[in-house]
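# show me how the following folds:
(2 chains)
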Amino acid sequence: MRHGKLSPVLLRKYGFIASFLAVPLILYVVFVIWQYIQAFQISFTNSRGISPNFDYVGFDNFTRLFDDEVFWAAVRHHVVLLLAMPLITVAIALFFSFMLNLGGGQKNGKMTGVPGSAFYKIVFFFPQVLAVAIVGVLFQAILRPDKSGVINSALHAVGVDPVGWLISPGLALWTIIGVMVWQAVGFYVVLFSAGMSSIPRDVFEAAALDGAGRFVLFFRITLPLLWDTLQVGWVYLGIAAFDGFALVQVLSVDRGGPDNATTVLPLEIWRTAFTYSKYGVASAMGVALFFMTLTFAVLTLRVTRRERIEF
Amino acid sequence: MPVASAEASTSRKQGRGRSVNVFGGLSHVALLIWAVLVIFPIVWTFLASFKTNTELFGDTPLALPHQFHWDAWGRAWAKAHIGLYLVNTIKVVAISTFLTMLFGSMAAYVLARYTFFGNKAIYLLFVSGLSFPVFLALAPLWLTMKNLGLLGTHTGVVLVYVAYSLPFTVFFLTAFFRTLPTSVGEAAMMDGCSHTRTFFQIMMPMAKPGLISITIFNVIGQWNQYLLPIVLLPGDAQDKWLITQGIANISTNAGYEADWAGLFAALSMAIIPVLIVYIIFQRQIQSGLTTGALK
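Model (predicted):
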């Protein structure tokens, strides 16, 4: 049936394949692939977008980035984000998901979570379905630097002076990290819970029979068996650490301030392109961001690779 | 995974001594604190929409509003155009999610089920899109949309949403279509069913669980988009704006004399529908958003 040279059957098959692939492929190539290719090309030009004429300037845009303090500030912020945000999020999420799935000890031969687990899982996940931009606006009011801010008002009630959460340069980035963690934890609680529920129950039962307490259950059994899920979570959070656009753009003072203390590369790309119309420089930043993300993903997968535990 | 909370609370007699109970108690406090941290800002925003500016900027932002006026909600809906932005967003997300799922599953089905020259290359082309940060494409995308005359139009936003949702949709659904049994489709073809009919009437219904997960994933992802709207729908197309950019704009333009209650009413309008939909479909939404990660 499949050997004829362009038999009607084959013709129909290829016609079908072509008709199903054409639209998605054209859309994708035109609006995605072609744009990425152009980005690499534009990064070597002095394009300012208004006129179609531009010159190739070699690596000028990239060397300019090397001398650009704001660019380096943004890169430093990504490093801080990359080190702190995944670590804090994963630690909190692991603790919660352990409590919610296994923390209740054994009951009727099954591992259970602490009472109210179902409720917590619903509540914790909620920030995940909110738009980051909405979360940014929401926290602006919560974090206001004077007594009218919700947190500062609560601090005032116990006699603490108002804290400039977003206006003090040393603190602002950490405040933003705090909001990121606030939004992300629920997702990873659910992700890790799914991972934990795929660990066979008899593993825990056997350990419990041997007298293992909660700490042993967590560090010696759950953590190693959850490694694959953890790795996925780490890569996701790492990629998120190279973003931060919506939150910083909406929440921080002066979009990346005070004094560039919270700026991130995506924000600089956006600003360079759409405020200063320097499309060449913006694309060069995009290329730099792409290679940073790629390096991170490859490194993480390499470093964290270990023997899969079959169960 | 389903946790029997009610029965667990009635009998917890197998505690292992006091240290475990203290630990259990502390960790329960931690869970409770996190729940409050999540719920409180949202409740506060809702209550703040009923307050006056003096109440909001007084010394007691934690107090309840004196009166429950819905004025601010009316102002946000009409004067701040939140109603318009909501309708725009529903329109754009409905059309683009539908097209994403249609084109995504068409491509994924062909890539998963047919052998032909270039299959692997096209699949890799789609999946490679997952490794590029969208910020890289920002400048050229804006120029392209401008040249095509699509800047400031919903058509442009829909096309871009669909295109940028395709990599993940195709990646996930290709894996999903591969797991479905081949026999049913083959039997249908034997009976003279065309390729197209086999896809729409037999394979699509069989793929329903995967399609639902990815639809949820795309709806939430596109609903929450902020970057693409502010790039593709600039200031001179304000009547085309979407909800996220509309609300961010009120907040950036708001000075101290601004309508703060209106801003909080606008925020509540954006949050409450999402909250209701989430509570109704929380199980599907949680699995829709996390299954993608676990593939």
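
# and A:Asp168, how many neighbours?
Just to correct that, residue A:168 is Ser rather than Asp. Applying the criterion other C-beta atoms under 10 Å in any protein chain shown, we find 14 residues in the vicinity of A:Ser168. All C-beta spots, glycine's among them, are computed from the backbone N, C-alpha and C.

# how many residues are close by the residue lying closest to it once chain neighbours are set aside?
Closest residue to A:Ser168 apart from its sequence neighbours, by C-beta to C-beta, 6 or more residues apart in numbering or on different chains: A:Pro258 at 7.6 Å. Around A:Pro258 there are 16 other residues, counting by other C-beta under 10 Å.

# export the host helix or strand of B:Leu136 to CSV, keeping only CA atoms.
Assigning secondary structure by DSSP states H and E places B:Leu136 in helix B:134-147. In CSV, the C-alpha atoms belonging to helix B:134-147 read as follows (Å, rounded to 0.1, in the frame of the first residue of the first chain):
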residue,chain,number,x,y,z
VAL,B,134,11.2,36.3,23.7
PHE,B,135,13.1,39.5,24.6
LEU,B,136,15.6,38.7,21.8
ALA,B,137,12.9,39.0,19.2
LEU,B,138,11.4,42.2,20.6
ALA,B,139,13.0,44.8,18.4
PRO,B,140,12.7,42.9,15.0
LEU,B,141,9.1,41.8,15.9
TRP,B,142,8.1,45.4,16.5
LEU,B,143,9.6,46.5,13.2
THR,B,144,8.0,43.6,11.3
MET,B,145,4.6,44.3,12.8
LYS,B,146,4.9,48.0,11.9
ASN,B,147,5.9,47.2,8.3
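
# okay, now the unreliable bits of chain B?
Low-confidence segments of chain B, defined by pLDDT under 70, are located at B:1-23, B:58-61, B:254-258, B:291-295.

# wait, is the residue nearest to A:Ser168 part of a strand?
No: assessed with DSSP: H, G, I helix; E, B strand; the rest coil, A:Pro258 is coil; it does not lie in a strand.

# pretty sure it is touching A:Pro169, no?
Yes: under the criterion of C-beta atoms under 8 Å, A:Pro258 makes contact with A:Pro169 at 5.2 Å.

# one step back: per-residue pLDDT, the residue nearest to A:Ser168?
Confidence at A:Pro258, expressed as pLDDT, is 87.

# what is the neighbour count of B:Ser105?
The number of residues packed near B:Ser105 is 27, by other C-beta under 10 Å.

# which residue, other than its chain neighbours, is closest to it?
With C-beta to C-beta, 6+ apart as the criterion, B:Ser105 has its nearest non-adjacent residue at 5.3 Å, and that residue is B:Leu173.

# make sure that neighbour is indeed in a strand.
No: under three-state DSSP, B:Leu173 falls outside any strand and is assigned helix.

# measure it to chain A for me?
Taken as C-beta to the nearest C-beta, to the nearest Å, the spacing of B:Leu173 relative to chain A amounts to 11 Å.

# okay, domains of chain B per the record?
Using automatic domain parsing, the domains assigned to chain B come out as B:18-79+B:254-289, B:83-223.

# can you get me the start-to-end distance on the longest one?
Terminal residues of domain B:83-223 lie 15 Å apart, using C-alpha to C-alpha, to the nearest Å.

# now do stretch B:95-108: everything it contacts.
Judged by C-beta atoms under 8 Å, 6 or more residues apart in numbering or on different chains, the contacts made with stretch B:95-108 from elsewhere in the structure are A:20-21, A:23-25, A:27, B:122, B:126, B:157-158, B:161-162, B:165-166, B:169-170, B:172-174, B:176-177, B:199, B:204, B:207, B:211, B:214-215, B:218-219, B:222.

# and those, which are buried?
For those, a burial check counting by 16 or more other C-beta atoms under 10 Å in any protein chain shown picks out A:20-21, A:24-25, A:27, B:122, B:126, B:157-158, B:161-162, B:165-166, B:169-170, B:172-174, B:176-177, B:199, B:204, B:207, B:211, B:214-215, B:218-219, B:222.

# strands - which of those land there?
With strands taken from DSSP state E, there is no overlap with those.

# quick one, what contacts the residue nearest to A:Ser168?
With contacts defined as C-beta under 8 Å, 6+ apart, A:Pro258 is in contact with A:166-169, A:172.

# same question for B:Ser128.
Each residue near B:Ser128 by C-beta under 8 Å, 6+ apart is listed here: B:Pro167.

# coming back round to it: so of the contacts of stretch B:95-108, which ones are in helices?
Secondary structure assignment by DSSP state H places A:20-21, A:23-25, A:27, B:122, B:126, B:157-158, B:161-162, B:165-166, B:169-170, B:172-174, B:176-177, B:204, B:211, B:214-215, B:218-219, B:222 of those in helices.

# buried residues in stretch A:36-48?
So stretch A:36-48, judged by 16+ other C-beta under 10 Å, has buried residues A:36, A:38-39, A:42-47.

# now B:Leu227. Nearest residue, chain neighbours left out?
Nearest non-adjacent residue to B:Leu227 (C-beta to C-beta, 6+ apart): A:Phe245, at 5.9 Å.

# phi first, then psi, for that neighbour.
When quoted as degrees, to the nearest 10, the phi and psi of A:Phe245 stand at phi -60, psi -60.

# and it, what does it touch?
With contacts defined as C-beta under 8 Å, 6+ apart, the neighbours of A:Phe245 are A:264, A:266-267, A:270, B:135, B:226-227.

# try 10 Å
A:132-133, A:264-270, B:133-135, B:138, B:226-227, B:230 (C-beta atoms under 10 Å, 6 or more residues apart in numbering or on different chains).

# can you list which of those residues are found in helices?
The members of the contacts of A:Phe245 that map onto helices under DSSP H are A:132-133, A:265-270, B:134-135, B:138, B:227, B:230.
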